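Novice: what follows is a predicted structure for the sequence shown.
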Amino acid sequence: MARILIVDDDPAILDILGTYLRREGHTVLEAQDGGAGRERLAAADLAILDWMLPGITGLDLAREQRRAHPEFPILLLTARGEEEDKLRGLAVGADDYVTKPFSPREVVARVRALLRRAHLHDQVSAGGLHLDERTRTATLDGEGLSLTRLEFDLLLTLARHPGFVWSRDQLLERVWGPDFPGVERVVDVHMAGLRRKLGENPEQPRFIETLRGLGYRFREEV
């Protein structure tokens with residue numbers, strides 16, 4: 001099941017789509033404007049974006065997210081029915097679109113299809129490290145790694161986005177969930193355990209770099 005972000009300024013749409021998606025077993029994140037949506041994107045596996053939003057538009061968010069994360073699935077909600085507008089939405093980065101008014105069941109079906117496509121990328125390999133999300137297994141240089149659930153999710157999150165700097169708050173929301181009451185220090189504790197299992201030298205890390213005052217990132221060249 002996925003973490004799905006819905007960004008729409010209409011509370012009724014948030015409510016009905018949230019209800020249907022939760023019935024599917026997904027975790028639903030919500031935002032009513034583009035700024036709040038941008039802040040929550042790091043915690044999501046898929047985004048449903050309304051085209052017209054206060055401030056930052058859904059089109060702007062789709063464009064930004066596509067540049068930063070080319071494989072991130074995006075579904076655009078639009079009241080614009082013209083073919084030119086739909087093509088524009090797809091051109092800036094949306095994977096699919098639904099025209100308002102819509103059936104919630106249709107949106108759920110589109111979400112299922114996008115997630116199936118995204119699952120083609122559920123294996124990550126880099127510099128001798130291999131992660132398989134389907135089997136929840138990790139190997140390093142051909143040897144199995146015994147990782148806890150949180151360590152695996154931390155490593156998978158970082159490895160999927162090499163070069164991207166994750167703040168501790170973003171990692172807390174992404175890995176522990178948006179309602180986790182813990183403090184940032186818990187990220188450092190689990191990261192230290194993960195690094196030990198990877199045999200990392202903090203001064204010359206093979207995989208995970210610490211950026212003081214910013215957070216962590218997976219090296220682009222490993």
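Specialist: Alright, I've got the coordinates.

Novice: going forward, measure contacts and count neighbours with C-alpha atoms only.
Specialist: Noted.

Novice: per-residue pLDDT of residue 49, please?
Specialist: Residue 49 is assigned 95 on the pLDDT scale.

Novice: cool, and residue 84?
Specialist: Here the pLDDT value assigned to residue 84 is 65.

Novice: just residue 109 next, same as before
Specialist: pLDDT at residue 109 comes out at 92.

Novice: helix or strand next in line after the host helix or strand of it, which one?
Specialist: In this assignment (DSSP states H and E), residue 109 forms part of helix 104-118. Next helix or strand after helix 104-118 toward the C-terminus (DSSP H and E): strand 123-126.

Novice: adjacent strands (with direction) for that next one?
Specialist: The strands beside strand 123-126 in its sheet (DSSP bridges) come out as strand 129-132 (antiparallel).

Novice: what sits up against the strand it pairs with?
Specialist: Contact with strand 129-132 is made by 122-125, 137-141, 156, as judged by Cα atoms under 8 Å, 6 or more residues apart in numbering.

Novice: what residues of that strand count as buried?
Specialist: 129-132 (16 or more other Cα atoms under 10 Å).

Novice: again, but for stretch 181-192
Specialist: 187, 191.

Novice: of the contacts of strand 129-132, which is the nearest to residue 93?
Specialist: Using Cα to Cα, residue 122 comes nearest to residue 93 of the contacts of strand 129-132, at 20.4 Å.

Novice: so who does residue 24 touch?
Specialist: By Cα under 8 Å, 6+ apart, residue 24 has no neighbours at all.

Novice: quick one: it from residue 184, how far?
Specialist: 31 Å (Cα to Cα, to the nearest Å).
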